[in-house]
Structures are given as structure tokens and as C-alpha cells.
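**Q** Just need the structure, nothing else, for what follows:
(chains A and B)
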There are 2 protein chains.
Amino acid sequence: MNAHLKTFESRLAANAREIEGVLDALLSQQVLDDEIARPENLRSAMHYAVLNGGKRLRPFLVVETATMLGGDRDAALRIGAALECVHCYSLVHDDLPAMDDDDLRRGKPTVHIAYDEATAILAGDSLLTYAFDIIASTSGIDETSKVALILALSRASGLGGMAGGQALDLAAEKRAPDEQGIVMLQAMKTGALIRFACEAGAIVAGSTAEDRAALRRFGERIGLAFQLADDILDLTADSATMGKTTGKDAGRGKGTLVGLHGMAWAEATLSTHVNEAEALLQPYGERAAVLVEAARFIAERKS
Amino acid sequence: MNAHLKTFESRLAANAREIEGVLDALLSQQVLDDEIARPENLRSAMHYAVLNGGKRLRPFLVVETATMLGGDRDAALRIGAALECVHCYSLVHDDLPAMDDDDLRRGKPTVHIAYDEATAILAGDSLLTYAFDIIASTSGIDETSKVALILALSRASGLGGMAGGQALDLAAEKRAPDEQGIVMLQAMKTGALIRFACEAGAIVAGSTAEDRAALRRFGERIGLAFQLADDILDLTADSATMGKTTGKDAGRGKGTLVGLHGMAWAEATLSTHVNEAEALLQPYGERAAVLVEAARFIAERKS
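**A** The predicted model follows:
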């Protein structure tokens, strides 16, 4: 492993611990103003769903983008935590028997196994709801930025984003999509939240529309890289490294771009995505060093 | 039926048609900015879940409260539509096999029957998400009010509100709650959204903190009345009138206050709630006439 990547991984891990501190505090919190009570079993299921390890890549992108652009770090951590709640809610619902029917997530029982199915549905619902609470109650950003964040997050995660992508993914099991269909499915299911992470950092920093658009495009590129790397890993890594069942997408006959075009094409395209992502950050010079490393890490990660 | 009630019911019905127009437009909409695509099957399931009849009582309360306090009617209609999306998402998820396992809702197949379980989960998720989009993209209210609405809605509908109430309701099937437990469960599961409806009208109108608090208390009272009337109806009305299986709560041995204290107590308490609700509106004089009728309607309705 090269030294750059090692430094990056330490930074990512340190950030993950910080984000987990914020998430743990939010999900252990006493009853808030306007809340009637927090039922313990449901709160505990939400905590279990979120504090389950993971690289915390999306919050990392929010925090590093905001930092690069001069935003408030504490505010960025909270927005990152809100985004992680949305990401984790989607995992809880995707794992349900009616969806992907997975018993394990990162080597631990999924929420509907550790608790029960009804609790898993409600824990997902409540995490999604809580994300908007967290954004709306963050200090250090103005009301206009909060509304912009909420609008961008809801579009990235709803019918026209992540949830829509999951619907397309389920449909793909019955009828394999063509190349355009695969690209759209992936842009919605995983791309939209990664794109949002980078755009959110720019919103937190109160950046210009130009910066916001550039970071959004950067997020789009690394989202593509993330998905392609994932498809490659799904074919090459073993289950122990990934902490989940691998070879599953291919096994189920779902089309991936790697399956369609082969491994050599996939690796070349992955490089292109990373190069394009880096080029978008050139105007920020040295300040963008961490995000450039993030783009490379996303392409080169082994799990 | 008295003349007042009849006039009120026409107004409620006219309002419902207007709200349904807004909901139909929102759920038939083309792809919005920041959305990648709207998968047709999921959009259609969301539309089916929301455009299924119903009295639209919650949006009515938003609109009438806002109107009484001089708020923008179009903005109030959109906030009412957002609230109805949250209410309908909760019905879709509550009907799932892992939850209440209901095949019929208002005499029609529930979403997981008309579509499938995975689609029902995602349609609920997407409706909840869309509610925050609708609020964030409403014109005619300022950014501070939008953030206040989003914060109040997320607290009313998440862990410390509606979803938490549903978790308590499921737990109540295994172990009957005491009186205090029943009161809390009901305040969370149905009360919180009704309270929010009235408070939201005040926020839309940019009212003073005093007005907002008064309408919030009014919402709390009519929420109690709504639930008590529902418990009474559950014991007295037949399934055909209600469009759903009645006698269910009692049949499952879930405690209700009517079961605990009897019908005479329930009817007396219902009157008390309505009187207290009316008293809270006294400062608004004639302007509050519709909301006073709403409180009476909630107590006297037969379905």
C-alpha cells in the first residue's frame, strides 16, 4: 500500500470515529422539544442500524468538501450524520425479506433479524425522518442553506433518486436492463447520495453556485467510480473481505457494466472517472488534496 | 343531521377535492431538478396510496388554521399535501404483513396487495421523503417558516411521534399498556400529526409564538377527541360504514380508554375535549367558526 493511501485511510478512520460520536449522541438523546417520548426498543434498533461500523464515506465527503471551501466543521459533521442516517435507513429497508432478504450486514445480523421485521421497517422510517430533523436543527448554517440541503437530500433519496433506484434494481431481477438502464439504476441507487454528499459540503460552506456545481459534478464522477469499483469487487473479492455475500449481483443475473464490457474496460473506465474527478478539482489547488485522495481511494479500495 | 354539520361537511369535501388536485399534480409530475428519473411503477404506487379517498382532515386543518390567521392559501394547500403524504405513507407501512397485515383500506386493496410488498415499502419511504421536498419547495412562505415546519413535522412523525406510537402499538399487542401507556401511545400515533396540522397553519401564516402555541394546544385537544371518537366508532360502527375491519383493536385485546372506563365516560370526556378545544379559540371570535365546527365534527362523525 502506498504512503498516500495509508495517510488517507487514517484520516478517513479518524473522521469515521468523529461522525460516530455525533451519531451516537444523536441516537442516545433524551426526548427533544416537540417529541412526546422516545420508545426505547425503536431507539435502540435505530442506534444498532447506524452504529454498525462502515467507512462513513458519505459523511467524510460532506466534511472534507465543506472544510475545503471554508465551511463550519461542526455543522458539516451534523449534515454528514444526517446523510448517514439516510444511507443506513436504506440499508435496513433493502435488507428486509420483501427486498434483498439479507440476514447479515458487515458480518452482523441485520436489523430485522436482531429485532423483528416491524421494528426494522419503523427504524428505517424513523431514521429517514430524523435526518431532516438533524438538518433543520443544525446551528452554524443559515435557514436558506438548510432549505437547500433538505431539498437536495430529499431529491437525492426519494422517488427520483435512491428509493427509485432500489425500485429499478428490484425490477431488474425480473427483466435485465440494457446498458442505459444499468447506468440510470446505478446513478439513482448509489450515485445520488454520493453526489449529494459533495454538493452538501458546498452548501454548508455557503459557496457560490459555481463551486456548488463543480462539487456536484465531482460527486457524480466519484459516484460512478464507486459503483464500478463495487461491481469489480463483487466479482473478485471474497465474502470475508466484503462482510457480505459477494458474487450476488452476477449470480442473480443482474446486469452490471463489468459483466457487459469485461474487466479490462472496467478498469480503464474507472481510471477515466478518477481523472475526470481530479480535473474538476484543479481550480482548488492544494486545498483539494484530500478530496483527490478520496477519489483515488474509492477506485482502489479492496473492500 | 343538523344544518351546521351539513355546511361543514360540504366545506370539508370541497377542500378535499382541492387538496386532491394538488396531490394529483405533485404525484403526476415530470422529473424535477436534481431528480434523475421517476420510475413509473413506484410513482404509480405512490399515487395509488395517496389518491384513495379519505376525508383529508389533516390538510383541512392546515388550510383552515392558516386562513383564519391570514396565511397564504396556496402555500397552506401545499403544506397540507405534504402532511397528507406523511399520513398516507404511515398507512401504507402500517398495512404491511409485518405490521397490521391489512388487505383492505377504504374498501380497496392495500398497496402491498395492489402492487407488491417491496413496492409498498418503497412507496411509503418515497412519500415520506417527498413530504420534505414539497415543504422545502413551497413558495409564499419564508425560509425560516419552512425550517420550522420541517422540524415540527419530523418530530411529529418520527421516533418521538407517529412512528414511535406505531412501535408502542405493536408492543401493546404483546403486553397491554396501562392507562398512562394508552394515552401516550395515542398521543404519538394519531395525536402528533393532528397537533402538527394546526400548528403548521399558524407557521404558514407567520403567526406570533402565542398564536402558534394556542393552535398547537387546540390541535392537541382535537387529537384526543379524534382518537376517542375512533375508539367509540371501533366498538359501535360496522365494517361497511368504516371501510375497514372494525372491532379489531378490542378483538386483539388492545386496551383502549373506552374499554377501560366504559361508553358513558367516553362520551362525557369527548364533550370535555371539544369544549376545551372551543375555549382555546375564543380569542379569535367569529374567525374561528370553521375550526370550532371541525372540533365538533371530529367528535360527532359516524365514519
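**Q** residue contacts, the nearest residue to A:Met188 once chain neighbours are set aside?
**A** Leaving aside its sequence neighbours, A:Met188 sits nearest to A:Gly165 (CB to CB, 6 or more residues apart in numbering or on different chains; 3.0 Å). (Each C-beta comes from the backbone N, C-alpha and C, glycine too.) Contact partners of A:Gly165, counting by CB atoms under 8 Å, 6 or more residues apart in numbering or on different chains, are A:Leu185, A:Gln186, A:Ala187, A:Met188, A:Lys189, A:Thr190, A:Ala192, B:Ile36.
**Q** Ok, A:Arg216 next?
**A** A:Arg216 neighbours (CB under 8 Å, 6+ apart): A:Arg195, A:Cys198, A:Glu199, A:Ala202.
**Q** can you pull the buried residues of the one helix or strand it maps to?
**A** Under the criterion of DSSP states H and E, A:Arg216 resides in helix A:209-236. Using 16 or more other CB atoms under 10 Å in any protein chain shown as the test for burial, helix A:209-236 gives A:211-212, A:214-234.
**Q** who in the stretch 151-300 of chain A is up against chain B?
**A** Residues of the stretch 151-300 of chain A lying close to chain B (CB under 8 Å from any CB of the partner chain) are A:151-161, A:163-168, A:170-171, A:184, A:187-188, A:191-192.
**Q** looking at this, A:Pro177 is in a helix?
**A** No: assessed with DSSP: H, G, I helix; E, B strand; the rest coil, A:Pro177 is coil; it does not lie in a helix.
**Q** hang on, isn't it packed against A:Gly259?
**A** No: in this structure A:Pro177 lies outside contact range of A:Gly259 using CB atoms under 8 Å: 11.7 Å.
**Q** Could you list the low-pLDDT ranges of chain A?
**A** Along chain A, the parts satisfying pLDDT under 70 run over A:1, A:238-254.
**Q** excluding its backbone neighbours, what's nearest the residue nearest the centre of chain A?
**A** Residue closest to the average C-alpha location in chain A (CA atoms, centre = their mean): A:Arg58, at 4.5 Å. Spatial nearest neighbour of A:Arg58, excluding adjacent residues (CB to CB, 6+ apart): A:Ala197 at 4.5 Å.
**Q** Burial check on the one you found, number of neighbours?
**A** 29 (other CB atoms under 10 Å in any protein chain shown).
**Q** Tell me how far it lies from A:Ile222.
**A** 9 Å (CB to CB, to the nearest Å).
**Q** in the stretch 151-300 of chain A, what residue is nearest chain B?
**A** Nearest residue of the stretch 151-300 of chain A to chain B: A:Gly160, at 2.6 Å (CB to the nearest CB).
**Q** related to what we said a few turns ago, go through the contacts of A:Gly165 and flag which are in helices.
**A** Applying DSSP state H to the contacts of A:Gly165, the entries found in helices are A:Leu185, A:Gln186, A:Ala192.
**Q** one step back: give me the element the residue nearest to the centre of chain A is part of.
**A** According to DSSP H and E, A:Arg58 maps onto helix A:57-68.
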